[in-house]
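*Asks:* here is my input; please provide its structure:
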Amino acid sequence: MKVTFLGTGGGIPNPKRNLPSIAVRREGELLLFDVGEGTQRQMTLAKVGLRREMKIFITHMHGDHVLGLPGLIQTMAMLDRDAPLEVYGPQGVKDFVNFIVKNFHFDLTFQINIYEIEEGVIYQSKEYDVVATWGEHVIPSVAYALVEKERAGRFYPEKAEELGVSKGPLWFKLQHGENVQLPNGRIVKASDVTGPKRPGRKIVYSGDTRFSDNIVRLAKGADLLIHESTLDDELAERAYDEGHSTPSQAALVAKKAGATKLFLTHISSRYANDASIMVEQARKIFPETYLAEDLMSVEVPLKK
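*Replies:* Next comes the predicted model:
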């Protein structure tokens, strides 16, 4: 699973930072979190693909997080995309997407399914869930967690052979946690030939928010916490008034949640020349802190 930061700025783009968007590539699927202006260009530069199976998750309805949707939808239509597109977000996202489709005068070549969400599990698949919780911004804003389900334990082929299961399709079933029946009627359980189940991976994206206990709970045990850090600690009062976080506040979320790594994003354009102060302040509380940069990619490895 790979996370690519398409845009790491906040409010106003600058030569180093586009507006917010994060791409998660998982098993051939693309999950986009926020779509700032110019996201389709960033996707092209990052080579993440515009035609693959895709879901979009919008955190809130401020322009720097959603105004890339018109261009992205038009670009995909011009490329004759035919795969459906799913868009999730808080109240208002449905009216916004419908307005784009109705008024921007392009021939839509694919279906768009729109879901206005509340807290809780908002999407489930066989392999992962997407969970949402409310942050604390000046308008309703959602934080998201991509939570993989447990994987089957390590498969031991020698144990399978000892129990009379020859290499072939039955091994595949056992490897994926299914019990199998042999020709003689004997049942071999997956637990007989595999180790303990292995935990899945977890990625959390804060959206725009002040320090939030909701997000601490959402980020519990996260492999990767992506948290906004708009203004440095010296501007904490202003950050609070505008519904944003400082590096130390983001670091405190990561520490309380027991996250493995923290990446700071949504960096104000006032730090266009040098944003190193963000990492310096955060690492005093949470050493495994990194500064997200546009087009940076981070691999999130499977847990052993």
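*Asks:* list the contacts for Ala46?
*Replies:* With contact taken as CB atoms under 8 Å, 6 or more residues apart in numbering, Ala46 is in contact with 4, 6, 23, 295, 297. Yep, even glycine has a C-beta here, placed from its N, CA and C like the rest.
*Asks:* kindly recompute the last result at 7 Å.
*Replies:* 4, 6, 23, 295 (CB atoms under 7 Å, 6 or more residues apart in numbering).
*Asks:* make a ChimeraX selection of the buried ones in those residues.
*Replies:* This is the ChimeraX syntax for the buried subset of those, where burial follows 16 or more other CB atoms under 10 Å:
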select :4,6,23
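*Asks:* farthest-apart pair in the contacts of Ala46, please.
*Replies:* Pairwise distances across those (CB to CB) peak at 10.2 Å, for the pair Ala23 and Leu295.
*Asks:* shared neighbours, the two?
*Replies:* With contacts defined as CB under 7 Å, 6+ apart, the residues adjacent to both Ala23 and Leu295 are 4, 46.
*Asks:* gap between the nearest residue to Leu85 once chain neighbours are set aside and Ala83?
*Replies:* Taking CB to CB, 6 or more residues apart in numbering, and ignoring the residues beside it in sequence, Leu85 has Ile112 as its nearest neighbour in space, at 5.0 Å. With distances defined as CB to CB, to the nearest Å, the gap from Ile112 to Ala83 amounts to 11 Å.
*Asks:* those two: who's more crowded?
*Replies:* Per other CB atoms under 10 Å, whichever of Ile112 and Ala83 has more neighbours is Ile112, with 17 against 12.
*Asks:* hang on, the more buried one packs against Ile100?
*Replies:* No: Ile112 lies out of contact with Ile100 (CB atoms under 7 Å); the separation is 9.0 Å.
*Asks:* quick one, strands of the stretch 101-250 of the chain?
*Replies:* With DSSP state E, counting those that start in this stretch, the ranges of strands along the stretch 101-250 of the chain come out as 112-116, 120-124, 128-134, 142-148, 180-181, 187-188, 202-205, 224-228.
*Asks:* redo these as CSV? Include mean pLDDT and distance to Ser269.
*Replies:* Shown next, in CSV, are the strands of the stretch 101-250 of the chain (pLDDT from 0 to 100; distance: least, CB to CB, whole Å):
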stretch, mean pLDDT, distance to Ser269
strand 112-116, 97, 31
strand 120-124, 97, 31
strand 128-134, 98, 27
strand 142-148, 98, 23
strand 180-181, 90, 59
strand 187-188, 92, 61
strand 202-205, 98, 21
strand 224-228, 98, 14
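*Asks:* gap between Gln175 and Gly200?
*Replies:* Taken as CB to CB, the spacing of Gln175 relative to Gly200 amounts to 16 Å.
*Asks:* neighbours around Leu264, how many?
*Replies:* Neighbours of Leu264 under the rule other CB under 10 Å: 27.
*Asks:* quick check: the nearest residue to it once chain neighbours are set aside vs Phe211, distance?
*Replies:* Leaving aside its sequence neighbours, Leu264 sits nearest to Ser229 (CB to CB, 6+ apart; 3.9 Å). For Ser229, the distance to Phe211 (CB to CB) stands at 11 Å.
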